[in-house]
Structures are given as structure tokens and as C-alpha cells.
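here is my input, please return the structure:
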Amino acid sequence: MSNRLQSLIRDYFGFSHKESRGFLVLIFLTLLCLLIPFVYRFVLVQKPADTSLADQRKLDSLVAMMQTEEAKQPKFGDRRDKDKTTAERFSEPKLFNFDPNTVSVAGWQQLGTPRWMAERIEKYRSKGGQFRKKEDLLKIYDFPSDLYDQLEPYITLKETPHADRANNDRFGATKPYPSEPYKTSERPVYPDRAARPVLQPFDINSADTSQLIALKGIGSTLAGRIIKFRDGLGGFISTDQFREIYGLDSLALDELQKFGKIQSSVRKISVNTATVDELDRHPFLSRRQAQIIVNYREQHGAYTSAESLKPIRILDAKTIEKIAPYLDF
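The predicted model follows:
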């Protein structure tokens, strides 16, 4: 039996005769080490500790003293609250009336909002964002709907001048506004409002950084990142591609989708003449994918359509769908 087992080990692992014997000894010792605790547990008989009568009396007196001290302790509130640590008590949400346009990051956290969400709201407000009604809080990206349901009764928004005017008209209060339209010569002029340019939609594929900086939530750094991503692609073919730009929050994304229109065609790469470096520069292709596309072209001839890219196993259907509009066949 032992010789047959050694023969199987030599054939399977390619061991020599001595190595196979050593392997069997090692397995035996390993099994022995694993069995020792079980054998020790069942063979060894533990003798019960001999407690003298004097020691037993001392133990009984100590137990009685402990029970007496515990009975003297005052009971305040629920036992579960006493067992909570200081950190757990401070981490519990404390609801209070608040204005989402002015509450601080610490206040959001006290209301039960995660710190990363509180910082996102603060960033939204710092870039000009404002909550005009309670439901606007749900416009913040990933804001939990269950948390909104919990906070909604405590949201108090200050009324805007437009709302005050509507309420005055509704309830018959004294109107600070003329009941008749202004004449042309008497119409008040608001220079700040008149001087502010009105944003117009523009072609995102030919826009410069100054047009992007004019949008809410987009600064010079983010504008440069958008231009760099667009030039790397060769132009946008869909506004859904805006979501792939790193660093765009919900406010900047809404502004870009509202004013950034696709009005010009994209720059295409001639897939049948492009080099590996030219294909590798496109964000949707890796260096290895670009090399295999060129190698396959040299072996099988020119590509005729996006369908001719499907035999390349390293390119999945999603990659072909994304890169096809940028290839010239």
C-alpha cells in the first residue's frame, strides 16, 4: 500500500524516491499535529478544583457585598442609554428646524447627514446654488430619499421678495408697487441687472474656456479639463459623455447640458492608416488595444466598417460602440 502511494506521488509531482518518502512523512506529521488537540481534549481528565469551606464562605460574602452595592446604585433612565458610549450618543441625529441655505456642515451632520454629503451641499451653495423650495434638496446628487422624508418637516425656507409680493397681493396688504404700469420715462432702471449678459447656448465642440467659465459651477481648472477631454476624444457626439468628465458635480453637469450643444461634427481617425501612437492617444483605447488593431489590419487587410472590428477579441461590443463614431473607414 505504501509503495503504491509513493508511486502515485512520484508520478503526479515528479518527485524522486526519497522525496516521495519525505512527503509521506511530512503528511503524517501534519495530521498528527492536527489530531493532538482533539486527543488531548478527550483523554485528559480535568479534576475539579477543591474549594475549602473557608474559601466558600469568603466567596459567598463577596457576592452578597456586590449585590448590596448594586442595589444602592441609583437608576437613571433606560439601561440601554447608560450602556452607550459617548461617541455613540453624539453620533445620533438630533432634528431641529433649519434653513438648507444657511445651515453649516456640522449642522448637516447633526441632522444625520453623512459628512461627504454635507460637504457636497456646501460646495453646491458656494458655487451659487440655492434651495428655493424643499424639493430642491433632492437635486443634490445621491441625496437619500429616506433622509429627505425625515428632514422635510423641519425645513424652513426664508421667503423671497417675489413670494412676499405675491402674499401681499393675495391678502390685500399695502402694495409697495404701482397699480398701473410705469411709463417709459418713469420705469426704474436696474443697471446691475441690465449689464449682466444673458447666457446663450453654444457649440461645445468649438467652445473655449471663457464660455465654459461663464457657467455656474465651472471654474478655470474644470473648464481646462473639459477642453482637454473634448480634444482627446475629437469632439462630443452626445451630451451623455459629459458624465465621463472627472470632477463635474450636479450643478456643473446641469449647466453644461443646458448650454453646451453639439452643433459640429467630430474629428475622426483613419483606422486603416493610423499608427499605434495615434490610436493610443484616444481615451477609449489602451496601448495594447491600439497595437492589436494595427497588427490585425496588417494581417487581414483594411477595415470596412465597425463590424470588421468584432473579430478582435480584446475589443468588446461596448468599446466598439464607443469608438466607432471616431473612426473613418
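
C-alpha only now, for contacts and for neighbours.
Noted.

longest helix in this protein, please.
helix 17-43 (DSSP state H).

from the contact counts, what lies against it?
helix 2-13 (3 or more Cα pairs under 8 Å, 6 or more residues apart in numbering; DSSP states H and E).

which residues are in contact with the residue lying closest to Thr304 once chain neighbours are set aside?
In space, and not counting its chain neighbours, Thr304 is closest to Phe329: 5.6 Å by Cα to Cα, 6 or more residues apart in numbering. Residues near Phe329 by Cα atoms under 8 Å, 6 or more residues apart in numbering: 270-272, 303-305.

10 Å instead?
Applying Cα atoms under 10 Å, 6 or more residues apart in numbering to Phe329 gives the contacts 268-273, 302-306.

same check on Phe259?
199-204, 211-212, 215.

check Glu159 and give its pLDDT.
Glu159 carries a pLDDT value of 62.

ditto for the one 10 residues further on
According to the per-residue confidence, Asp169 scores 47 in pLDDT.

for Arg297, same thing?
On pLDDT, Arg297 comes in at 93.

next one: the one 5 residues further on
Reading off the per-residue confidence, Ala302 sits at a pLDDT of 93.

walking through the protein, point out its strands one by one.
Remark: strands assigned in the chain by DSSP state E are 202-203, 260-261, 269-270, 327-328.

ok so, going back, in TSV: the contacts of Phe259, plus neighbour count.
TSV is the format used below for the contacts of Phe259 (neighbours: other Cα atoms under 10 Å):
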residue	neighbour count
Leu199	10
Gln200	9
Pro201	13
Phe202	17
Asp203	14
Ile204	23
Gln211	17
Leu212	25
Leu215	20
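
let me know the pLDDT of the residue most central in space within the chain.
For the chain, the residue nearest the mean C-alpha position is Asp142 (8.4 Å; Cα atoms, centre = their mean). Looking at Asp142, its pLDDT is 81.

hmm, it is touching Met117, no?
Yes - between Asp142 and Met117 there is a contact under Cα atoms under 10 Å: 8.2 Å.

anything in contact with each of the two?
Here Asp142 and Met117 share no contacting residue, scored by Cα under 10 Å, 6+ apart.
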